[in-house]
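Trainee: Sequence and computational prediction follow.
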Amino acid sequence: MLRSIAAGLVFAAAIAHADMPNMLANPGFEEIAGDLPRSWQAPNGLDDAAVDAEVAHGGERSARFDGDGVARGARQTLTGLEGRPFTVSAWVRAEGMQLSGDSHAFLYVHVLYRDEPYSAATHGYHRIEPGTFDWHRVRVRVDPNPAHQIEKIYVTCTARLAGGTLWYDDVELVESVLGSAAALMGEHLQWLNEALAATGEQGADVAGAQQVAAEASRLLELLRAEAAAGPVVDGEQRLASISERVGSALAPLSAEARAAFWQVASPTTDREIRAIYHGGGLTLEQVNSVLDRLHRIGANTMYPSLGGWHMVTYPSQLAPTLPAWQGSDGRNILAQEARKRGVRIIPYLAFYHDITPGDPMRDDLPSGFLAQRHPLDPKRDRLFPAPSHPEVREYLVKLAVEAMTVIDPDGLGLDYIRYPDGRAVCTCERCREQVRERYGFDVLDGDPWADPERSAALQEWRAEHITQTVREVAEAVHQAKPDAIVMAHCFVDPDYARRQCGQNWAGFAQYLDLITTMNYGKNGSDAGLVGKQAGAVGESCLFVPAIGGMPDQHAAAGPRDWIERIALARRYGQGVAIYAWGYISPETEELLSNGPFREPAQWPE
């Protein structure tokens, strides 16, 4: 019987990473120094986890976290690792585990880089779900930034529970591309074999596909056995060959059998948001062709681009129109034709993106429009509209209202609703004085980002500007069109988004109708991440994760990846968005229309 991802069941994957050793010391908390496990310490500000000699996955001990509302952690620090991808895993068990308010439970990984600020760190984590469950393995795949040298890695078992008990045991860090990739391939093959078997039980002829999948499974098991005995020189090439074989497994199926497969492998629903980024056209014929394809896919919403603060894709009195769109009313045509078909059009404007040093527009902008970046900022030549300047926000409000009036869409998306990077801040005399009066320091006195207190102050200051922009734009758009959907396109991690670019979800979600997050590539499969995003949005507005991403991320996503990512988006949100229109292959289109999008869906009430 096929196990449904949407039901939240986890595919078992007893994958041994025997091709490389575990880099963690005392991974099972067996060695004790005083009352604590050797090589593990509590992170700053947290209490120690308890050592439990009565409950264990392997050996005789485990790390226990009790549900008393106290934040606890067990952290190990590693140095000397190269920049290769690695996987951290742990076995977890829970009895009556409860989460509420600010409680949490994570297997968390930080990668800190030499001579780089904390804001440049790479984060990875798996959120442990509440409830009662027996031992099972959770994993975090981490891809360090190849542009930086690793200084140290933190591996942390942490939890603050509202009730119940959580145990961690047999924590592992394996620095191995082959091991982690083989694990993912094993999970995919298990899903494929089960889905094919369930499809066959319904009378479809799947024998040819089962033969291909069985041979791929045999080759993968052979590769694993060799890897367990020692290094495999051609391991990655062989794994790539297996991946190609798996990718062709459905080719022997007839169109009817493939449709039956997708119906078995992926559930559908009749009430959710199904959005596709981009799309549209300059003429009525082009627009109708796009909407016809949208109907075939099974989507009910589009997010076309309107350009940005300095150049747009519609007739504007405030900003120049992009050359390709001059003389065209394509965006208004799209909105009107889509409305006839019951499709919602929520185009987006890019608000605070920066411009290059050679952009001639720099000379045409009024004084005080662009931020004056810090002289120590490595990106000081890339200028952007200053969110801290009221006149800039006033211009963006006018641009948003104009777009709603000229195009008459169902709503408006706020893209680039953020500072462009972690050090971006305006240091003009006006902003300099505001920082001095409020926080008591001169922003030009040395590097403010090198001082933790000053850095925190500037993060707070920046977040207020972005929240103020969201509030002012949302209020103006709702005044112009009360039933408009105002949404924000947000970075992936809510903590990183606030720290790196001033996006304070908790601060601005109350002014919005919808938040979508850019969960491109593997981020779309991270249940811990998507759960964290949903928690940050809360009940303030709708939450719709966006999956897909750039062309290489589409090419790397197999059928199971799409189904898993759509199921996660549905589990935590009110639908799913796909980026982007031009990257959806015919194979993915077939998957969507026959699988998760096969039945029409209405927007949530």
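Mentor: Sure thing, it's come through.
Trainee: isn't Y419 right up against I466?
Mentor: Yes. At 7.1 Å, Y419 counts as touching I466 under the criterion of C-beta atoms under 8 Å. Using the backbone N, CA and C atoms, a C-beta is placed for each residue, glycine as well.
Trainee: Not counting sequence-adjacent ones, nearest residue to A476?
Mentor: V397 (4.7 Å; C-beta to C-beta, 6 or more residues apart in numbering).
Trainee: neighbours of that neighbour, just the number please.
Mentor: Using other C-beta atoms under 10 Å, the number of residues around V397 comes to 17.
Trainee: From here on, call the first residue 21.
Mentor: In the new numbering, first residue 21, that becomes V417.
Trainee: that older thread, anything in contact with each of Y439 and I486?
Mentor: Between them, Y439 and I486 have 407, 521-522 as joint contacts when contacts are counted by C-beta atoms under 8 Å, 6 or more residues apart in numbering.
Trainee: okay, who's weakest in those residues by pLDDT?
Mentor: When those are compared by pLDDT, C521 scores lowest at 90.
Trainee: My read is that that residue contacts P440, right?
Mentor: Yes. Counting by C-beta under 8 Å, C521 sits close enough to P440 to count as a contact (7.1 Å).
Trainee: check contacts around V455.
Mentor: Neighbour list for V455: 461-463, 477-478, 481 [criterion: C-beta under 8 Å, 6+ apart].
Trainee: Tell me the one of those residues nearest G228?
Mentor: Using C-beta to C-beta, L478 comes nearest to G228 of those, at 60.8 Å.
Trainee: My guess is the closest one contacts A470. True?
Mentor: No. Applying C-beta under 8 Å, one finds L478 not in contact with A470, separated by 11.5 Å.
Trainee: With neighbour numbers in mind, choose between the two.
Mentor: Here L478 and A470 are compared on neighbour count by other C-beta under 10 Å; more neighbours surround L478, at 24 against 10.
Trainee: other SSEs contacting the helix or strand hosting that one?
Mentor: In this structure, L478 is located in helix 472-500 according to DSSP states H and E. The helices and strands touching helix 472-500, judged by 3 or more C-beta pairs under 8 Å, 6 or more residues apart in numbering; DSSP states H and E, are helix 410-427, strand 431-435, helix 449-459, strand 505-510, helix 514-521, helix 525-528.
Trainee: which sections of this protein are below the confidence cut-off?
Mentor: Applying pLDDT under 70 to the chain flags residues 21-40, 121, 196-201, 204.
Trainee: sorry, back to before: I would like a ChimeraX command selecting only the buried ones among the contacts of V455, please.
Mentor: Typed into ChimeraX, the line below selects the buried ones among these, using 16 or more other C-beta atoms under 10 Å:
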select :461,463,477,478,481
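Trainee: mind listing what's buried in the helix holding L478?
Mentor: Residues of helix 472-500 classed as buried under the neighbour-count rule (16+ other C-beta under 10 Å) are 474-475, 477-479, 481-483, 485-494, 496-498.
Trainee: Stretch 61-79 now?
Mentor: In stretch 61-79, the ones that count as buried by 16+ other C-beta under 10 Å are 62-63, 66, 69-72, 76-77.
Trainee: Other residues contacting that stretch?
Mentor: Contacts of stretch 61-79 from elsewhere in the structure, counted by C-beta under 8 Å, 6+ apart, are 48-50, 52, 55-57, 60, 80-86, 90-96, 111, 113, 155, 174, 176-178, 187-190.
Trainee: Q356 belongs to a strand?
Mentor: No. For Q356, which was evaluated using DSSP: H, G, I helix; E, B strand; the rest coil, the result is helix, with no strand membership.
Trainee: which residues touch it?
Mentor: D428.
Trainee: Would you mind measuring from it to G327?
Mentor: Using C-beta to C-beta, to the nearest Å, we find Q356 at a distance of 20 Å from G327.
Trainee: burial count for P41?
Mentor: The burial count for P41: 12, using other C-beta under 10 Å.
Trainee: got it, and H143?
Mentor: Summarising burial for H143: neighbours were counted as other C-beta under 10 Å, giving 16.
Trainee: Name the residues that touch stretch 485-493?
Mentor: The contact list for stretch 485-493, computed with C-beta under 8 Å, 6+ apart, reads 371, 407-408, 413, 416-417, 420, 432, 434, 437-439, 506, 508, 521-524, 527-528, 531-532.
Trainee: Look up the closest residue to the residue nearest the centre of the chain, ignoring the ones flanking it.
Mentor: The C-alpha lying nearest the average C-alpha coordinate of the chain belongs to N539 (C-alpha atoms, centre = their mean; 2.6 Å). Among residues not flanking N539 along the chain, P565 sits closest, at 4.7 Å (C-beta to C-beta, 6+ apart).
Trainee: now the strands for the stretch 221-370 of the chain?
Mentor: 293-297, 321-323, 325-328, 331-332, 364-365, 368-370 (DSSP state E, counting those that start in this stretch).
Trainee: and Y128, which of those strands is closest to it?
Mentor: The closest of those to Y128 is strand 293-297. By C-beta to C-beta, the value is 30.3 Å.
Trainee: and the closest one with strand 505-510, angle?
Mentor: Strand 293-297 and strand 505-510 are oriented at 60 degrees to each other (axes from the mean of the first three to the mean of the last three C-alpha atoms, to 10 degrees).
Trainee: by contact count, what packs against strand 293-297?
Mentor: Of the remaining helices and strands, those touching strand 293-297 by 3+ C-beta pairs under 8 Å, 6+ apart are strand 321-323, strand 562-568, strand 595-599.
Trainee: if you set the cut-off to 6 Å instead, what comes out?
Mentor: In this structure, strand 293-297 makes packing contacts with strand 321-323, strand 595-599, judged by 3 or more C-beta pairs under 6 Å, 6 or more residues apart in numbering; DSSP states H and E.
Trainee: Throw those into JSON lines and include distance to E264, thanks.
Mentor: Converted to JSON lines, the helices and strands packed on strand 293-297 look like this (distance: least, C-beta to C-beta, whole Å):
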{"stretch": "strand 321-323", "distance to E264": "33"}
{"stretch": "strand 595-599", "distance to E264": "24"}
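Trainee: Could you work out which of the ones you listed reaches nearest to D312?
Mentor: Once C-beta to C-beta is applied to the helices and strands packed on strand 293-297, the stretch that comes out nearest is strand 321-323, at 12.8 Å.
Trainee: Parallel or antiparallel, which strands does that closest one pair with?
Mentor: Based on DSSP bridges, the pairing partners of strand 321-323 within the sheet are strand 293-297 (parallel), strand 364-365 (parallel).
Trainee: Return the distance of that strand from the chain's centre.
Mentor: 19 Å (C-alpha atoms, centre = their mean, to the nearest Å).
Trainee: contacts for it?
Mentor: Defining contact as C-beta atoms under 6 Å, 6 or more residues apart in numbering, one finds that strand 321-323 is touched by 293, 295-297, 299, 364-366, 368, 433.
Trainee: and which of these is nearest I598?
Mentor: Once C-beta to C-beta is applied, the member of these that ends up nearest I598 is I296, at 5.4 Å.
Trainee: which residues pair with the closest one across the strands?
Mentor: The bridge-partner assignment for I296, based on DSSP bridges, gives M322, I598.
Trainee: What distance do you get for Q356 to L304?
Mentor: For Q356, the distance to L304 under the criterion C-beta to C-beta works out to 10 Å.
Trainee: oh, I was asking about I148
Mentor: Plainly put, I148 is 52 Å away from L304 if you go by C-beta to C-beta.
Trainee: Neighbour count: these two, which is higher?
Mentor: Taking other C-beta under 10 Å, I148 and L304 do not tie; I148 has more neighbours (27 against 14).
Trainee: and the nearest residue to L534 once chain neighbours are set aside, how many neighbours?
Mentor: Taking C-beta to C-beta, 6+ apart as the measure, L534 lies nearest to M507, with 3.8 Å between them; neighbours along the chain are not counted. Counted by other C-beta under 10 Å, the residues lying close to M507 total 26.
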